[in-house]
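Colleague: The sequence and its predicted three-dimensional model are supplied below.
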Amino acid sequence: MIRGTVKIDSNICKGCELCIVACPQESLGLSNHINTAGYRYVELAQDNCTGCVNCALVCPEVAITVYRQPKAAKKQKDDIVIG
């Protein structure tokens, strides 16, 4: 399973909720706190992000950065040498 996380700049988020709707994992939610501009901002509500970047693509304020953990390297079978 691919794992990811998001960093949301709470100072520029206007709480439009487009990212919440776009998240297939339902990882995001509105904070109970208010930012300096007077908006409730979005935060990571569940630790099940896959790093799909849907949230960042729909954010009109460009407040979201997505981080995806690199895939684990596949195990390679040892070459068999006969002789």
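Modeller: Ah, there it is. Residues are numbered from 1 along each chain as shown.

Colleague: From here on, just use CA atoms for contacts and neighbour counts.
Modeller: Will do.

Colleague: Can you show me the helices along the protein?
Modeller: For the chain, helices defined by DSSP state H occupy the ranges 18-22, 54-58.

Colleague: and the last one, what's its mean pLDDT?
Modeller: Per-region confidence: helix 54-58 scores 98 on mean pLDDT.

Colleague: Need the helices of the chain in a markdown table (columns: distance to residue 44).
Modeller: A markdown table is the format used below for the helices of the chain (distance: least, C-alpha to C-alpha, whole Å):
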| stretch | distance to residue 44 |
| --- | --- |
| helix 18-22 | 10 |
| helix 54-58 | 11 |
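
Colleague: Dump those to JSON lines, plus distance to residue 1 and mean neighbour count.
Modeller: As requested, those are arranged in JSON lines below (distance: least, C-alpha to C-alpha, whole Å; neighbours: other C-alpha atoms under 10 Å):
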{"stretch": "helix 18-22", "distance to residue 1": "20", "mean neighbour count": "19"}
{"stretch": "helix 54-58", "distance to residue 1": "17", "mean neighbour count": "19"}
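
Colleague: Of all these, which one comes closest to residue 9?
Modeller: Residue 9 lies closest to helix 54-58 among the helices of the chain, at 11.4 Å (C-alpha to C-alpha).

Colleague: Using CSV, list the CA coordinates for the lengthiest strand in the chain.
Modeller: Counting residues, the longest strand found in the chain (DSSP state E) is strand 28-34. As requested, C-alpha coordinates have been extracted for strand 28-34 and formatted as CSV (Å, rounded to 0.1, in the frame of the first residue of the first chain):
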residue,chain,number,x,y,z
LEU,A,28,-9.1,15.5,5.4
GLY,A,29,-11.5,17.5,7.6
LEU,A,30,-12.1,21.1,8.8
SER,A,31,-10.3,22.1,11.9
ASN,A,32,-12.1,23.5,14.9
HIS,A,33,-9.5,26.3,14.9
ILE,A,34,-9.5,29.6,13.0
